[in-house]
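Asker: predicted coordinates and the sequence they were generated for:
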Amino acid sequence: MEETVEKKVGGFRWSLWLVVLAFFLFVLFIAGFLALLVKLPENVVARGVTIGQIDLGGLTKEQAEKIITRQTDAVENQGVSFVYKDINLNLVSIKHSVTNPEISATIFDYDPEGTIKRALEMGRKGNNANQIITRLYLRLFGIKIDPVYDLSSEEASRFLKEGLFSYEESTQNAFLKVENGQILKVNVVGEVAGKSFDYSIALKDLQKRLNNLDSSDILLHFNNTTPEVTKAEAEKLVPVLMESLSKGEIILQSGQKEFVIKPLEWGNWVEVTKENKQVKLVVKEDLLKAYLQDKINPEIESEFEEAKFVVENGKVKEFKSGKEGQKINIELVFKAVQEALFNGGERKIQLVTEVVQPGLTLDKVNSFGIKELLGEGRTNFKGSPTNRRKNIAVGAAAFNGILIAPNEVVSTISKLKPIDDTNGYVPELVIKGNKTTPEFGGGLCQVSTTFFRAVLASGLPVLERAAHAYRVSYYEPPVGIDATIYDPAPDFKFVNDTVNYILVQTRIEGDVLIFEFWGTKDGRVIKRTDPVVNNFKSPPAPKLIETLTLPVGQKKCTEKAHAGADALFYYTVTYADGSIKNQEFKSRYKPWGEVCMIGVEKLSEPTVEGIFSASSTSSGGETLVPSIPPVPVTVSP
């Protein structure tokens, strides 16, 4: 009996060991299977990773980058169309002059290399256990990640508004209109409901398309807008305005000068507004400012100018004296006029002016420690046409002699504005569609690029910098150390992170533009690598554009072809305390095809500016004919 029990116990033990062994082997099998399942070779995208509608799982880095580049190029070349009924407005990736690659602004731009880098990171973060869990999750459920790209929402929004404003109906509050006669009369003009496109939804839809690598059409949405002030509400204020009109003119006085504003004139400065559900009369500040600007400022105000300085033989000298200015305090004038018209205030109003003194004197500047050259930037503009040379000279002069305070952020565009003929700039003729139209901006990127190089040479931090959309011969070699500007964006910005002032000096020697930064060295060490240039792309076929500005049959090629390429360089500043700042500068240049104009007796078909066309250039060597926009009509939502 005991022997039988022992046999049974022994058999049970063997069975238990077999079960444990089987379970252990099963666990090993499962672990090995999972390890094999989630095994991820180097430079291969984990299974389950998609970008847009593209499954990249299991592809090598080279395979994935090739597919993504092909798709992003397709979206950039085709653009994205915004549609509503008969409206079709195509947003191209780059806004540019057909004949001048320098005058361009990137609206959206994909980064295939950065996109693939993001894809390769999936399933490779954390310790081994975390990586296995993540890869298993990706296998089972997958994940969709967004591509890397830059989008200028400001440029996209401006493009849409410029193209669509003629289809919109402005909302108008009811208002009071003063009319002349034997006696002044106040008429009430009723309110008008408006219709406008919803630009916020349009931009969100654009981001969705770009995230999905999708260039399909975006449907625009209309919003109905309701006026705040109705005719019935405005009528309640007619007696108030009539009473004020009956009291006559208002007089703005400055010393012995008096400016009389008759009731008929100031009466139409008045608008009806609503505050806390109550309507009231207020003076339109913009109309009052316009009156002051046109009628009074030329006789009273004077422009303030800061002194400018130069370094000669190691000493700072003043080469342009500062000039005090006088400005009218518009805020006080506005309050006084408002009080006079609607609250029984004095109708003879003294204009309050403020004297603005130059803040910089030679004695003060000499205490700033400006004694040595910090860095220098140079570019060559050989071969530039006359207008471009003029703009370079005007732009460089805007910076010559300026002082940059410690911690001051410098905006290149702000220093150059206004970029128009009032500031001495001259336009150049650029082709849009089959028309030549004047446009400002040619040559100013020579200024911003030289500025950029001086900043790098001086070891200052760059806050904003964008490369040109296309390679520009004036800035090469080297490739990739340029900075484009296009009012209002992109801009080139940097900060003076030294504890001293920096004096900027500019000059032109022959065909060379030079920017110098003078100040006090603080021991920082600057290192900049040479740009690495790769991913060259051949230029497209030449483009031929009909024009009426050349003799019939004459051909003029305005810009040679440039290959596209990517460029990368690193910028390192080591400070005296041992701290280090690193910056990486990437440039991605599109290929640019040769552009030629040919004189014709008559254009192939009527043309317009071409803002509605998918692109302002053709893809081959045929005559370029831009799309024609629909005739503006009243659009009902």
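Answerer: On my side now, so go ahead.
Asker: in stretch 104-123, what's buried?
Answerer: Using 16 or more other CB atoms under 10 Å as the test for burial, stretch 104-123 gives 104-113, 115-116, 118-120, 122-123. Backbone N, C-alpha and C define where each C-beta goes, glycine included.
Asker: wait, stretch 378-395
Answerer: Neighbour counts using 16+ other CB under 10 Å place Thr379, Asn380, Phe381, Ser384, Asn387, Arg388, Arg389, Lys390, Asn391, Ile392, Val394, Gly395 of stretch 378-395 among the buried residues.
Asker: how far does that stretch stretch from start to finish?
Answerer: This stretch, stretch 378-395, spans 15 Å end to end (CA to CA, to the nearest Å).
Asker: pLDDT on it, on average?
Answerer: Across stretch 378-395, the average pLDDT comes to 93.
Asker: what lies in contact with that stretch?
Answerer: Under the criterion CB atoms under 8 Å, 6 or more residues apart in numbering, residues 416, 423-428, 440-444, 446-447, 449-450, 453, 473-475, 508, 511-515 lie in contact with stretch 378-395.
Asker: redo that, cut-off 6 Å
Answerer: Stretch 378-395 is contacted from outside by 416, 424-426, 428, 442-444, 446-447, 449-450, 474, 511-514, using CB atoms under 6 Å, 6 or more residues apart in numbering.
Asker: related to what we said a few turns ago, inside helices: which ones of the buried residues of stretch 104-123?
Answerer: Of these, the ones assigned to helices by DSSP state H are Pro112, Glu113, Thr115, Ile116, Arg118, Ala119, Leu120.
Asker: from those residues, pick the one nearest Lys284.
Answerer: Checking these against Lys284 with CB to CB, the nearest one is Thr115 at 50.1 Å.
Asker: which ones are touching that closest one?
Answerer: Neighbouring residues of Thr115 by CB under 6 Å, 6+ apart: Ile68, Pro147, Val148.
Asker: 10 Å - rerun?
Answerer: 51-52, 56, 64-65, 68-69, 72, 145-149, 213 (CB atoms under 10 Å, 6 or more residues apart in numbering).
Asker: list only those of these flagged as buried.
Answerer: Buried among the contacts of Thr115 by 16+ other CB under 10 Å: 51-52, 56, 64-65, 68-69, 72, 145, 147-149, 213.
Asker: any chance of these in JSON lines, plus secondary structure?
Answerer: Formatted as JSON lines, the buried ones among the contacts of Thr115 follow (DSSP: H, G, I helix; E, B strand; the rest coil):
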{"residue": "Ile51", "secondary structure": "strand"}
{"residue": "Gly52", "secondary structure": "coil"}
{"residue": "Leu56", "secondary structure": "coil"}
{"residue": "Ala64", "secondary structure": "helix"}
{"residue": "Glu65", "secondary structure": "helix"}
{"residue": "Ile68", "secondary structure": "helix"}
{"residue": "Thr69", "secondary structure": "helix"}
{"residue": "Thr72", "secondary structure": "helix"}
{"residue": "Ile145", "secondary structure": "strand"}
{"residue": "Pro147", "secondary structure": "coil"}
{"residue": "Val148", "secondary structure": "coil"}
{"residue": "Tyr149", "secondary structure": "strand"}
{"residue": "Leu213", "secondary structure": "coil"}
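Asker: from Pro147, how far out is the residue nearest the centre of the chain?
Answerer: Nearest residue to the geometric centre of the chain (CA atoms, centre = their mean): Ala489, 3.1 Å. Distance of Ala489 to Pro147, computed by CB to CB, to the nearest Å: 22 Å.
Asker: before we move on, what about Ala340?
Answerer: Using CB to CB, we find Ala340 at a distance of 60 Å from Pro147.
Asker: okay, now Ser587: neighbour count?
Answerer: 23 (other CB atoms under 10 Å).
Asker: check whether it sits in a helix, strand or coil.
Answerer: Going by three-state DSSP: Ser587 is strand.
Asker: and it, what does it touch?
Answerer: Ser587 touches 465-469, 471, 479-484, 531, 533, 565-569, counting by CB under 10 Å, 6+ apart.
Asker: show me the strands in the stretch 501-637 of the chain, by range?
Answerer: 502-509, 512-519, 525-528, 532-537, 543-547, 555-559, 564-574, 580-589, 595-599 (DSSP state E, counting those that start in this stretch).
Asker: any chance of these in a markdown table, plus mean pLDDT and distance to Thr412?
Answerer: What follows is the strands of the stretch 501-637 of the chain, written out as a markdown table (pLDDT from 0 to 100; distance: least, CB to CB, whole Å):
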| stretch | mean pLDDT | distance to Thr412 |
| --- | --- | --- |
| strand 502-509 | 94 | 11 |
| strand 512-519 | 95 | 11 |
| strand 525-528 | 97 | 20 |
| strand 532-537 | 92 | 25 |
| strand 543-547 | 80 | 31 |
| strand 555-559 | 79 | 24 |
| strand 564-574 | 96 | 18 |
| strand 580-589 | 95 | 16 |
| strand 595-599 | 84 | 27 |
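Asker: Phe24 is nearest to which of these?
Answerer: strand 580-589 (50.9 Å).
Asker: quick check: angle from that closest one to strand 564-574?
Answerer: 170 degrees (axes from the mean of the first three to the mean of the last three CA atoms, to 10 degrees).
Asker: extract the CA atoms of strand 580-589 and return them as PDB.
Answerer: Only the C-alpha atoms of strand 580-589 are listed here, as PDB (Å, rounded to 0.1, in the frame of the first residue of the first chain):
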ATOM      1  CA  ILE A 580      28.400  77.100 -24.800                       C
ATOM      2  CA  LYS A 581      25.600  78.000 -27.200                       C
ATOM      3  CA  ASN A 582      25.100  75.900 -30.300                       C
ATOM      4  CA  GLN A 583      23.000  76.800 -33.400                       C
ATOM      5  CA  GLU A 584      22.300  74.700 -36.500                       C
ATOM      6  CA  PHE A 585      21.400  76.400 -39.800                       C
ATOM      7  CA  LYS A 586      19.700  74.400 -42.500                       C
ATOM      8  CA  SER A 587      18.900  75.600 -46.000                       C
ATOM      9  CA  ARG A 588      16.800  73.800 -48.500                       C
ATOM     10  CA  TYR A 589      16.900  75.400 -52.000                       C
END
